[in-house]
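In: What shape does this take:
(one chain, ligands or ions: 1)
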Amino acid sequence: MRGLSVARPNPCWRSPVSVDAAPSLRRALRIVGVGIRRQPRWFAFAVAGSTVYGVMTVMTAWAIGKVTREQVQPAVEAGHATSAQLWTTFAWVAGVVLLNVVGVVIRRVAAGYTMFNVAAHYRREVTRQYLRLPLSWHHRHPSGQLLSNANADVEATWNVFAPLPMAIGVVVMLVAGIVQMVLVDPVMAVIGLTVFPLLFLANMVFQRAMSPRIARAQQLRAEVSEVAHESFEAALVVKAMGREEQEAERFEEVTRRLQAANVEVGRTRGTFDPVIEAIPTLGTLAVLAVGTYQVSRGALEPAAVVQVAYLISVLAFPVRALGWVLGEMPRTVVGWDRVDAVLKARGALEFGETSLPADDAAHAALTGVDYSYDVVDEQGDESPFQAIHDVTIDLPAGATVALVGPTGSGKTTLTNLSLRLVDPDGGAVRIDDVDLREVRRGGIPEVASLVPQQTFMFDDSVRGNITLGGDFSDDEVWGALATAQATGFVTELGDSLGTHVGERGASLSGGQRQRIALARAIIRAPRLLVLDDATSAVDPAVEQAILAGLRKATSGTTVLVVAYRMSTITLADEIVYVEGGRVLDHGSHDELLARCEGYARLVTAYAREAAERAAVEADEEGVTV
Ligand SMILES: Nc1ncnc2c1ncn2[C@@H]1O[C@H](COP(=O)(O)OP(=O)(O)OP(=O)(O)O)[C@@H](O)[C@H]1O
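Out: Below is the predicted model:
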């Protein structure tokens, strides 16, 4: 496989979204509509709560006006307040405020449910889609980007549901508020009618300035997460190669760009905030000035001034919710574009209906298979690279076939094709004469297992890593461990089968991890077992014992093994020699040695290396004696 790259993030990782284009409001609203259709009931509750809140906020001003007129003013004129007047005042204000609070609670709880339920749905959808998409898609999408899609991008898309119900309530509130102002005093209503459009306009300008800045920050956040993930993954390589400084610089550069983008967002907010805060305050002052003049002329009663001034100040804050919604819209569009790109990704494997037979060794065959990878050049342009050319390999039932070839010759690609981890571009892969594309979903893993070049351990017990949740007894687990030559070290682990192996099996050696991965495949008694350099980290003696044990324990299994050692090669019934993605020859070891130059050169090098290693080991033993 290609080596781990510590180069700059591949341009193809970047989202196709242009960060500078202000995403259109209509698109954002369409995306919001998609979310509402997912959770219509909770959203309706949130809007109902918000409407109650909106009406009750306006009613608070009306209640204050009424109380001022009917209770406070008479009390002021009389020079004292009766307890009945105080209780009536309290009852009116408390009643309206209580209903307001009920509205707020319903709105908040229901908005939370809407937002979290929609986000959870899309998180699940994205994850499901990842699992559906073939390996070829995963080859082109780094895991940092996938993490960002399933997490930050989903959140960015649906965060809009936090302020949206409130904004809808604000519209109701504004209509009710303006009607009330007109009814109280048309002159002061004109001030109100100036303040709110002004406020809205200021918010629009604010959001327009913010949109591209927020979109850019969101995109850079995803990039930081991609680079961070790759840096952590590559920690060993980075340290071993002494590239800490360069890696730190690469990370610093992208975080600096994010920092600058966030500062820019803050600066824009800082410029607009005082203006937006000042507008309603100036409006209230204007109402008080005009109102006082009207009262002094006897054209208006003080209660009306109190009511309108209160109304303007009480409406000023919620009106900003409209701005919050507009502020979230660019993030919604950017987040959704990234999430949608995953959901719409094509190339998910199609499955047929056929079941493969459950017993006896499988007869597998690759016939005229071609396969190309999409490779990306420095400019970010994709082009196909044909890794496999017209390959035909027959794996007779019960046979052990060794795949031998120099580095990069296509061995791993062929193992992936033989289990339908990717589909061939041309030709066909069959098990028992059934084209793998016709096999039902889940049908291939039931009969075939792969032990890949890089073993993966879950942060679970030894037992959990072998059964992977399957229904196997401890005896079966021990049986598989015995064939994988792993009984000894597992017995010595603190809690034997129950020992937790740590993240990615950090508490185990490479050879121990490989043997557990082997046991994981063996316990499933596969009819076809594919080993891709699966014993490279165990010493040759143990490898010999494993392969001999495998032959004995898996007589009902056909084995395809990518072989790098003479011991493995000589155990095979047939050897297939590949070079440059083509099968150059196949036959027994002696036949190939006699007639295939490339094979002879390669195995001679393997044999020389084995002899040198044996000599070194003998020397070391001599020294210790
Ligand atoms: N994800 C990928 N994207 C693009 N090209 C790839 C990818 N994986 C492999 N290749 C290319 O395909 C060719 C075959 O790779 P493959 O991993 O199958 O070789 P291999 O024989 O298994 O190598 P090795 O012995 O080093 O494991 C190589 O030229 C490799 O560079």
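In: Tell me the backbone dihedrals of the residue of the chain most remote from its centre, please.
Out: Relative to the mean C-alpha coordinate of the chain, counting by CA atoms, centre = their mean, the farthest residue is residue 78 (69.3 Å). Per-residue torsions, residue 78: phi -80, psi -20 (degrees, to the nearest 10).
In: how near is it to residue 162?
Out: Remark: distance between residue 78 and residue 162 (CB to CB, to the nearest Å) = 48 Å. For the C-beta atoms, the positions are set from N, CA and C on the backbone; glycine is no exception.
In: Next: residue 508.
Out: Looking at residue 508 against residue 162, where the rule is CB to CB, the gap reads 45 Å.
In: So for those two, which sits in the more crowded spot?
Out: residue 508 (22 against 18; other CB atoms under 10 Å).
In: Could I get the contacting residues of the more buried one?
Out: With contacts taken as CB atoms under 8 Å, 6 or more residues apart in numbering, residue 508 has the following neighbours: 457, 501, 502, 516.
In: tell me, how many neighbours does residue 384 end up with?
Out: With neighbours defined by other CB under 10 Å, the count for residue 384 comes to 11.
In: these two touch, right, it and residue 374?
Out: Yes. Residue 384 lies in contact with residue 374 (CB atoms under 8 Å); the separation is 6.0 Å.
In: Now go through the contacts of residue 508 and say which are in helices.
Out: Taking DSSP state H, the ones among the contacts of residue 508 that sit in helices are residue 516.
In: Only whichever of the contacts of residue 508 are buried, select them in PyMOL.
Out: Written as a PyMOL command, the selection of buried residues from those, which uses 16 or more other CB atoms under 10 Å, is:
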select buried, resi 457+501+516
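In: Spatially, which two of the contacts of residue 508 are the most separated?
Out: The distance between the two most remote of the contacts of residue 508 (CB to CB) is 12.5 Å, for 502 and 516.
In: Which neighbours do these two have in common?
Out: 457, 508.
In: helices or strands next to the helix or strand where residue 77 lies in the packing?
Out: With elements taken from DSSP states H and E, the one containing residue 77 is helix 73-78. Identification of packing neighbours for helix 73-78 by 3 or more CB pairs under 8 Å, 6 or more residues apart in numbering; DSSP states H and E yields no helix or strand.
In: Next secondary structure element downstream of it?
Out: Using DSSP H and E, the helix or strand that follows helix 73-78 in sequence is helix 83-132.
In: give me the element whichever residue of the stretch 101-250 of the chain sits closest to the ligand is part of.
Out: With CB to the nearest ligand atom as the measure, the residue in the stretch 101-250 of the chain that lies nearest the ligand is residue 139; the distance is 3.6 Å. Element membership for residue 139, per DSSP H and E: helix 135-140.
In: other SSEs contacting the helix ranked longest in the chain?
Out: When secondary structure is assigned using DSSP H, the longest helix within the chain turns out to be helix 244-297. Helices and strands touching helix 244-297, as assessed by 3+ CB pairs under 8 Å, 6+ apart, comprise helix 186-233, helix 302-343.
In: can you redo these as JSON lines with mean pLDDT, distance to the ligand and mean neighbour count?
Out: Shown next, in JSON lines, are the helices and strands packed on helix 244-297 (pLDDT from 0 to 100; distance: least, CB to the nearest ligand atom, whole Å; neighbours: other CB atoms under 10 Å):
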{"stretch": "helix 186-233", "mean pLDDT": "80", "distance to the ligand": "15", "mean neighbour count": "19"}
{"stretch": "helix 302-343", "mean pLDDT": "79", "distance to the ligand": "18", "mean neighbour count": "22"}
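In: nearest to residue 134, of these?
Out: Nearest to residue 134, of all those, is helix 302-343, at 13.6 Å by CB to CB.
In: Which positions within the helix or strand following the closest one qualify as buried?
Out: Once the chain leaves helix 302-343, the next helix or strand it forms, by DSSP H and E, is strand 364-376. For strand 364-376, burial by neighbour count (16+ other CB under 10 Å) applies to 364, 365, 366, 367, 369, 370, 371, 372, 373.
In: Quick one: name whatever helix or strand follows strand 364-376.
Out: Downstream of strand 364-376 (by DSSP H and E), the next one is strand 382-395.
In: What average pLDDT does that following strand get?
Out: In this model, strand 382-395 has a mean pLDDT of 90.
In: Not counting its neighbours along the chain, what's nearest residue 584?
Out: Leaving aside its sequence neighbours, residue 584 sits nearest to residue 577 (CB to CB, 6 or more residues apart in numbering; 5.2 Å).
In: mind listing what the one you found touches?
Out: Residues in contact with residue 577, defined by CB under 8 Å, 6+ apart, are 404, 405, 583, 584, 585, 586, 592, 596, 598, 599, 602.
In: now swap in residue 114 and tell me
Out: Counting by CB under 8 Å, 6+ apart, residue 114 touches 35, 36, 39, 42, 43, 46, 161, 165.
In: name the element the fifth one belongs to?
Out: So that's residue 43. Assigned by DSSP H and E, residue 43 falls within helix 40-67.
In: Quick check: buried residues in that helix?
Out: Within helix 40-67, the residues that qualify as buried are 42-43, 45-67, counting by 16+ other CB under 10 Å.
In: How far off centre is it?
Out: Between the centre of helix 40-67 and the centre of its host chain there is 38 Å, according to CA atoms, centre = their mean, to the nearest Å.
In: Show me what that helix is packed up against.
Out: Using 3+ CB pairs under 8 Å, 6+ apart as the contact definition, the elements that helix 40-67 packs against are helix 83-132, helix 164-184, helix 302-343.
In: Compute the inter-axis angle for that helix and helix 164-184.
Out: Compare the direction of helix 40-67 with that of helix 164-184 by axes from the mean of the first three to the mean of the last three CA atoms, to 10 degrees and you get 30 degrees.
In: quick one: residue 92 and residue 67 touch, right?
Out: Yes. Here residue 92 reaches residue 67: they are 5.3 Å apart, a contact under CB under 8 Å.
In: SS state for residue 542?
Out: Three-state assignment for residue 542 (DSSP: H, G, I helix; E, B strand; the rest coil): helix.
In: Verify the stated contact: it with residue 511.
Out: Yes. With contact defined as CB under 8 Å, residue 542 counts as touching residue 511 (7.4 Å).
In: Flag every residue of the stretch 251-400 of the chain that's near the ligand.
Out: By the rule CB under 6 Å from any ligand atom, the part of the stretch 251-400 of the chain lying against the ligand is 373, 375, 385, 387.
In: make it 8 Å
Out: Residues of the stretch 251-400 of the chain found near the ligand (CB under 8 Å from any ligand atom) are 373, 374, 375, 385, 387, 388.
In: quick one: which of the residues you listed is nearest to residue 205?
Out: Nearest to residue 205, judged by CB to CB, of these is residue 374 at 44.0 Å.
In: pLDDT at the residue nearest to residue 584, what is it?
Out: pLDDT, the model's per-residue confidence, is 93 for residue 577.
In: in its sheet, what does the helix or strand containing it sit against?
Out: Following DSSP H and E, the helix or strand that holds residue 577 is strand 574-579. Neighbouring strands of strand 574-579 in its sheet, by DSSP bridges, are strand 400-404 (parallel), strand 582-587 (antiparallel).
In: Next, count neighbours for residue 137.
Out: Other residues near residue 137 number 19, with proximity taken as other CB under 10 Å.
In: Same check on residue 107?
Out: Neighbourhood size, residue 107 [other CB under 10 Å]: 24.
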